[in-house]
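A.B. asks: Sequence first, predicted coordinates after that:
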Amino acid sequence: MRILICHVAYRTRGGEDVVVDTESTLLRDAGHDVEVVNPQSEEFDALPMATKMRIAASRGDHPYGRQLVADAIQRFDPDIVHFHNLYPNFGWGAMAEAADRGCGVVQTLHNYRLSCLNGLHFLMDEGVICERCRPGDFGPGIARGCYRGSRAQSAVMARWLTGQWNLLRRRRVPHMSLAISDFQRDRLVADGLDPRLIRVKVNCVPRLQQHADRKGVSERGGVVFVGRASREKGALELVEAWPLDAPHLTLAGDGPLVSRLTAMAGRNVSVVGAVSRHQVLTMVEAALVLAAPSLCLEGAAPLTVLEGMARGTPPVVFAGGAAEHVAEQVSPECVATRGSFGNFVQRCLDICRSSDWASLSGRSIQVIDHGFAASREIAGLASAYDEAAAARRRMPA
């Protein structure tokens with residue numbers, strides 16, 4: 001099968017970008033022909049002002065995005081076009097263009113963008129979950145300037161997302177939508193998306209050959225946080241609550257709060273900022289616990305949690321949301337009372353000192369091997385692609 005993957009890269013590299021890379025590699029390894037169209041968000045900034053204005057006024061269907069995908073289809077001749085992040089360069093019109101050109105269309109919905117302008121259902125300034133907006137009804141988010149802190153940009157994003165929601169809900173384009181967890185899918189169906197048009201395809205972690213050689217408790221130490229240094233990830237509150245007599249806490253990841261976190265760090269806290277993926281995985285494998293205190297409703301367990309578990313590092317997460325379902329399969333000890341950083345820190349300390357740590361480590365690996373294996377992801381993608389191609393064939397010429 002020939003598969004064209006379309007994804008607008010984020011300004012700060014994150015989990016979605018990693019998923020695109022991982023899936024591309026897995027599909028190639030499975031024998032498929034794959035091409036990736038991966039424009040950078042910064043490319044939008046460099047466009048002529050007239051083009052940017054036309055895109056902003058387009059409600060998400062604009063010639064620029066359609067031409068991007070049309071050129072790629074003409075060059076590569078794919079059977080399937082799989083979209084990830086659409087905005088700003090593609091817009092949902094690119095999905096319609098792919099269908100118009102006879103391709104099967106699939107889109108992975110990685111976040112809550114269809115029902116929240118910032119995609120998180122989280123108020124950055126107040127640090128709390130917010131669910132005032134719904135698909136097609138973004139008035140509260142526009143008033144608060146929830147997209148990039150700008151009411152004007154929020155109004156533009158609201159028009160784009162409303163157009164995309166109508167496209168999906170009214171079946172204006174034959175397609176298959178992929179949610180990344182049951183939790184996320186159930187919310188979209190409750191909002192009105194046809195359950196026949198959305199299925200769950202979890203993110204995977206490729207199986208590690210070195211399971212037998214993973215580091216044991218005597219070779220590890222401390223707690224590691226890996227994620228964007230931003231309010232919704234809970235890093236500020238974690239550092240504030242971290243006791244001076246606790247094991248060492250290391251925070252890795254770039255973002256707007258790196259300087260503030262560095263200033264707050266005590267003698268047993270290190271803020272390393274942006275590091276390579278190899279360095280991140282090395283730090284995770286050397287830690288006793290992976291701390292993931294997200295304050296927002298993650299669409300799925302963060303990829304860093306899954307990668308840590310694959311390396312035998314037990315996670316600690318807050319109750320509520322998709323991450324809880326994964327962590328509780330390791331142990332109830334891995335789930336803290338939502339919003340209580342005192343309880344969260346205590347969970348981290350208890351696991352660090354646990355005489356049962358080796359068992360928790362082994363169960364972490366088992367959960368990944370059974371529920372997040374690469375073979376499962378490939379099977380899920382293949383099924384979605386087959387269904388998207390069949391849907392396209394059923395459409396009248």
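C.D. replies: All right, it came through fine. Residues are numbered from 1 along each chain as shown.
A.B. asks: Show residues contacting the top helix by length along the chain.
C.D. replies: Determined from DSSP state H, the single longest helix within the chain is helix 374-394. The set of residues external to helix 374-394 that reach it, using CB atoms under 8 Å, 6 or more residues apart in numbering, is 1, 3, 23, 26-27, 30, 79-80, 82, 99, 102-106, 174-176, 178, 199-207. (Each C-beta comes from the backbone N, C-alpha and C, glycine too.)
A.B. asks: Can you flag which of the residues you listed belong to strands?
C.D. replies: Counting by DSSP state E, the contacts of helix 374-394 place I3, I80, H82, G104, V105, V106, M176, L178, R199, V200 in strands.
A.B. asks: contacting residues around the spatially closest residue to the fifth one that is not a sequence neighbour?
C.D. replies: If you skip the residues right next to it in sequence, V105 has H175 as its closest partner in space, 4.1 Å away by CB to CB, 6 or more residues apart in numbering. Listed by CB under 8 Å, 6+ apart, the contact partners of H175 are M95, A99, V105, V106, Q107, L168, L197, A388, A391.
A.B. asks: Break down the stretch 151-300 of the chain into its helices, ranges please.
C.D. replies: For the stretch 151-300 of the chain, the helices defined by DSSP state H, counting those that start in this stretch cover 151-169, 182-190, 235-241, 258-264, 277-286.
A.B. asks: just so I know, which of these lies nearest T313?
C.D. replies: Ranking the helices of the stretch 151-300 of the chain by proximity to T313 (CB to CB) places helix 277-286 first, at 5.5 Å.
A.B. asks: ok now stretch 139-147, how far from the chain's centre?
C.D. replies: Relative to the chain's own centre, stretch 139-147 is displaced by 22 Å; criterion: CA atoms, centre = their mean, to the nearest Å.
A.B. asks: With just CA atoms, put that stretch into CSV.
C.D. replies: In CSV, the C-alpha atoms belonging to stretch 139-147 read as follows (Å, rounded to 0.1, in the frame of the first residue of the first chain):
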residue,chain,number,x,y,z
GLY,A,139,-17.7,31.5,22.3
PRO,A,140,-16.1,31.3,25.7
GLY,A,141,-12.7,30.4,24.3
ILE,A,142,-12.8,33.3,21.9
ALA,A,143,-13.7,35.7,24.7
ARG,A,144,-10.8,34.4,26.8
GLY,A,145,-8.3,34.3,23.9
CYS,A,146,-7.6,30.7,24.6
TYR,A,147,-5.6,30.2,21.3
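A.B. asks: Give me the average confidence score over that stretch.
C.D. replies: Mean pLDDT, computed over stretch 139-147, is 95.
A.B. asks: what's it in contact with?
C.D. replies: 116-118, 123, 130, 132-133, 151, 153-158.
A.B. asks: of these, buried ones?
C.D. replies: Taking 16 or more other CB atoms under 10 Å as the criterion, what is buried in the contacts of stretch 139-147 is C116, L117, N118, L123, C130, C133, Q153, S154, A155, V156, M157, A158.
A.B. asks: would CSV of the residues you listed with pLDDT and distance to A336 be doable?
C.D. replies: Listed next are these as CSV, based on pLDDT from 0 to 100; distance: CB to CB, whole Å:
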residue, pLDDT, distance to A336
C116, 94, 24
L117, 94, 29
N118, 91, 24
L123, 90, 21
C130, 93, 21
C133, 95, 28
Q153, 94, 35
S154, 95, 33
A155, 95, 38
V156, 94, 38
M157, 95, 33
A158, 96, 34
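A.B. asks: Looking at the residues you listed, spot the one nearest P256.
C.D. replies: N118 (13.6 Å).
A.B. asks: What sits closest to the closest one if chain neighbours are left out?
C.D. replies: Per CB to CB, 6+ apart, closest to N118 is C146, 4.9 Å.
A.B. asks: Now for that neighbour, how many residues are close by?
C.D. replies: 29 (other CB atoms under 10 Å).
A.B. asks: hmm, back to that, go through the longest helix of the chain and flag the buried ones.
C.D. replies: A374, E377, I378, G380, L381, A384, Y385, E387, A388, A389, A391, R392.
A.B. asks: What about the contacts of H175, which one has the most neighbours?
C.D. replies: Neighbour counts for the contacts of H175 (other CB under 10 Å) peak at M95, which has 30 neighbours.
A.B. asks: How about exporting the host helix or strand of that residue as CSV, limited to the C-alpha atoms?
C.D. replies: Using DSSP states H and E, M95 maps to helix 93-100. Output of helix 93-100 as CSV, limited to C-alpha atoms (Å, rounded to 0.1, in the frame of the first residue of the first chain):
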residue,chain,number,x,y,z
GLY,A,93,-9.8,21.4,3.0
ALA,A,94,-6.7,19.3,2.4
MET,A,95,-8.7,16.2,3.6
ALA,A,96,-11.4,17.0,1.1
GLU,A,97,-8.8,17.5,-1.7
ALA,A,98,-7.3,14.0,-1.0
ALA,A,99,-10.8,12.5,-1.2
ASP,A,100,-11.6,14.4,-4.4
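A.B. asks: contacts for it?
C.D. replies: 4, 6, 58, 60-62, 65-66, 68-70, 73, 81, 83, 86, 105, 107, 167, 172-175, 392, 395.
A.B. asks: Now do it: distance to the chain's middle.
C.D. replies: With CA atoms, centre = their mean, you get 24 Å for helix 93-100.
A.B. asks: Give the buried residues for the helix or strand hosting V34.
C.D. replies: Using DSSP H and E, V34 sits in strand 33-37. Using 16+ other CB under 10 Å as the test for burial, strand 33-37 gives V34, E35, V36, V37.
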